[in-house]
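J.: what's the 3D shape of this:
(chains A and B)
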Amino acid sequence: MNIKAILIRRLYVALLVLLLGGYVFKVSYFQENSEAYLFPSIVAGLMLILSMLSFVREVFDLCVDDFKPIPLIDQTYAIIVMVVGVSVAEWLGMYVTTFCILLLISYWYSNQRDKGRRIINSVLFSSGFIGFIYILFSVTLNLQLPKGLLI
Amino acid sequence: MEFLHYFSEVFTWANITILVLGTVGGLLLGATPGLSPTMAVALLIPFTFHMEPASSLVMLGAVYTATVAGGAVSGILVNIPGAPANIATIMDGYPMAKQGKAVQALHYCFISSFVGGFTGVLLLIFFTPPLADLALKFGPAELFWISIFGITIIASLGGGSVVKGLIAGTAGLWLSTIGYNPVLGEERFVFSEHLAGGIHIIAALIGLFAIPQVLTLVAQSRLYKDTLEFAELHSHGVWQSFIYNIKRIRALTIGTISGSIVGVIPGAGGQIAGLVAYDQTLKMSKDPSSFGKGNPDGVIAAESANNAMVGPSLVPLLTLGIPGSPTAAVLLGGLLINGLFPGPDLFTIHGAVTWTFIDSLLVGQVLMLVFGLLIARYSGFVAHIPNHTMAAAVIVLAIFGTYSVQNSVSDVWVMLALGVFMYYASRIGFSPAPLVLGLILGQITETNFLQGRLIAGDEAWSYFVSGGISQIVIALCIVSITYSIYNERKVIIRRREEDAAS
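T.: Just a heads-up that it's a prediction; the model follows:
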């Protein structure tokens, strides 16, 4: 990535942080019961000043580039699996959902080339680990979990 | 010598079992590449929620100590430090392993970790009570500034951008105000039903430390196996290693002293301790050219330092509520969840719990040495655990652990949201440590702020800035920020010079 592109990316991020700081200040400061919101207002004010400072530093290139690459495609799958899993956990049951999360993540991200072995390894690992989780949470800690349609 | 009275509490069946499990588990977790001590302790907090306060702290302390030492295993065997604290260890540990001396390096690592760690805990025992007495002089104004100092120092000494650290700290403070005002009881910022009770510390800790690590692990999962070279493990006599370690007294002493000093400095952490000790040992060595090529002194100095840091890092935590490292910040969460507030009360009202915890750290060092030496020969298998398997396991533990605290799916949502947000924030230069500390200390800070205002009435400003202790703490905040800005400027200038030269 060339220097100009890096600078523009950093500037956009600083602008986003500034907008976020502005929003936090707005929701903290403009409230009816100002006494209840006094502390968050002060904190939000400080946050806004700091995000302005961060923006100015980026505009005048007064800081180092501390950005790391974001492998969006690699992570999107994991995030979707987690979000969908938690969404259906109460409906389907916690153990079934987390078994599916284990299976999907360990299969998708495995670097084994042979698909058959990959599936067998993922199923074995997921079954073993969910058994461990069952012993830990349901047997030892006696945790009540949402059972849903399945388990 | 009050600590001697509580040793028997450590040796109850429940506590010793927890200590052994925590030590072995911590060693294995630390040995797994990509699992940091901070994440391990954060993931464990939900389990300790169901235990007695003393037992829960025994568990957290054992895992904290053992993960720092265990982190050297993957560093030595596969050149990936288990934790940032082990970065200095791999400089000579991995070259030693490549020379067929992996087991020797692991022996030196556990023996020197024991020496450093034991000394560090002794310092904790002797320095904490007098400092805790000093905290008796603190009123709401002083406590307010101490909290601000804690956030300031962890934000500014994190090594990255000072401004970003401070933004993260204020964001943490602001997030802590979601829920109810602690004095007026009014509901604030409840944007969603999931935030009705505010952000639970455990959900935040797990989300901010575990989920970003999971996402990093999955991103690396496909690169992992093909690119790593695993060192072979040949047997080596433990007594020979002991005798060798004793002979390397200089490296051991430098490491222990450096680690103890760095540990007391809030926010510095094991990474700096290890690097300072390594650097000093190299400078004082008669053969500096052998460093980086498998000199055992490098391993001994780095490992004694990063474990010597553990005890002293708890001194400012237990006395003033200022954590010495990100893991200590998570431990602070563990203390608060158990209803234990840092300060003199820890050594008076809650003396039994606190001293049992501190004594368990001492016993934990011995166990860490014993189990570390026992598993050294066989520890390689842990370093072989693929990233995708570890990532899947951590996700499920994070979900169950968070849910188990209040039997609430809302907490799981909060954990996930904070975790995904933190992952992206960390990629653009923000650190989770100040955010977590802001969240943990937020309620204490606000309560002291509001109490101070009630006491002072119209004279609030002068109440908060006029006291002698307050002024010292304010000055310390300014010094820490100024010093960090100065350091950041130096880094910027150096990088620009390097860029210009290249």
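J.: residue of the stretch 1-150 of chain B nearest chain A, please.
T.: Going by CB to the nearest CB, chain A is nearest to residue B:50 of the stretch 1-150 of chain B, at 5.6 Å. From N, CA and C alone the C-beta is placed, and that goes for glycine too.
J.: assumed that residue was part of a strand.
T.: No: using DSSP: H, G, I helix; E, B strand; the rest coil, the assignment for residue B:50 is coil, not a strand.
J.: quick check: closest non-adjacent residue to it.
T.: For residue B:50, ignoring the flanking residues on the chain, the nearest one in space by CB to CB, 6 or more residues apart in numbering or on different chains is residue A:141 at 5.6 Å.
J.: need the longest helix for chain A.
T.: helix A:3-29 (DSSP state H).
J.: which strands or helices does it pack on?
T.: Under the contact criterion of 3 or more CB pairs under 8 Å, 6 or more residues apart in numbering or on different chains; DSSP states H and E, helix A:3-29 touches helix A:38-59, helix B:162-176.
J.: check which residues of it are buried.
T.: Judged by neighbour count using 16 or more other CB atoms under 10 Å in any protein chain shown, the buried positions of helix A:3-29 are A:10, A:13, A:14, A:17, A:18, A:21, A:24, A:25, A:27, A:28, A:29.
J.: okay, the most centrally placed residue in chain B: pLDDT?
T.: Note on chain B: the residue nearest the mean C-alpha position is residue B:327, at 2.1 Å, using CA atoms, centre = their mean. Note on residue B:327: pLDDT of 80.
J.: from residue A:101, how far out is it?
T.: Distance, residue B:327 to residue A:101, by CB to CB, to the nearest Å: 27 Å.
J.: again, but for residue B:468
T.: Between residue B:468 and residue A:101 the distance is 55 Å, computed by CB to CB.
J.: what comes up buried for stretch A:60-79?
T.: By neighbour count on 16+ other CB under 10 Å, the buried set for stretch A:60-79 is A:63, A:64, A:74, A:75, A:78, A:79.
J.: show residues contacting the helix or strand harbouring residue B:316.
T.: In this assignment (DSSP states H and E), residue B:316 forms part of helix B:315-320. The contact list for helix B:315-320 (CB atoms under 8 Å, 6 or more residues apart in numbering or on different chains) reads B:123-124, B:127-128, B:131-132, B:134-135, B:146, B:150, B:263-264, B:266, B:322-324, B:328, B:331-332, B:335, B:342-343, B:346, B:354.
J.: from the residues you listed, which land in helices?
T.: In helices, defined here by DSSP H, the members of the contacts of helix B:315-320 are B:123-124, B:127-128, B:131-132, B:134, B:146, B:150, B:263-264, B:328, B:331-332, B:335, B:354.
J.: just name the closest of those to residue B:23, please.
T.: Set against residue B:23, the nearest of the ones in helices among the contacts of helix B:315-320 by CB to CB is residue B:331 (16.1 Å).
J.: quick one, what contacts the closest one?
T.: Contacts for residue B:331 (CB under 8 Å, 6+ apart) come out as B:41, B:60, B:61, B:64, B:314, B:317, B:323.
J.: let's have these in CSV, adding neighbour count and pLDDT.
T.: Listed next are the contacts of residue B:331 as CSV, based on neighbours: other CB atoms under 10 Å in any protein chain shown; pLDDT from 0 to 100:
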residue, neighbour count, pLDDT
B:41, 28, 85
B:60, 30, 90
B:61, 31, 89
B:64, 28, 85
B:314, 30, 85
B:317, 24, 84
B:323, 30, 76
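J.: farthest pair in the residues you listed?
T.: Farthest apart among the contacts of residue B:331 by CB to CB are B:61 and B:323. That separation is 13.7 Å.
J.: which positions in the stretch 251-400 of chain B make contact with chain A?
T.: Proximity of the stretch 251-400 of chain B to chain A, by CB under 8 Å from any CB of the partner chain, involves residues B:386, B:387, B:388, B:389, B:391, B:392, B:393, B:395, B:396, B:397, B:399, B:400.
J.: got TSV for the residues you listed, with secondary structure, neighbour count and pLDDT too?
T.: Converted to TSV, those look like this (DSSP: H, G, I helix; E, B strand; the rest coil; neighbours: other CB atoms under 10 Å in any protein chain shown; pLDDT from 0 to 100):
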residue	secondary structure	neighbour count	pLDDT
B:386	coil	19	82
B:387	helix	24	81
B:388	helix	26	86
B:389	helix	22	88
B:391	helix	23	88
B:392	helix	32	90
B:393	helix	22	89
B:395	helix	26	91
B:396	helix	23	91
B:397	helix	22	88
B:399	helix	26	91
B:400	helix	23	89
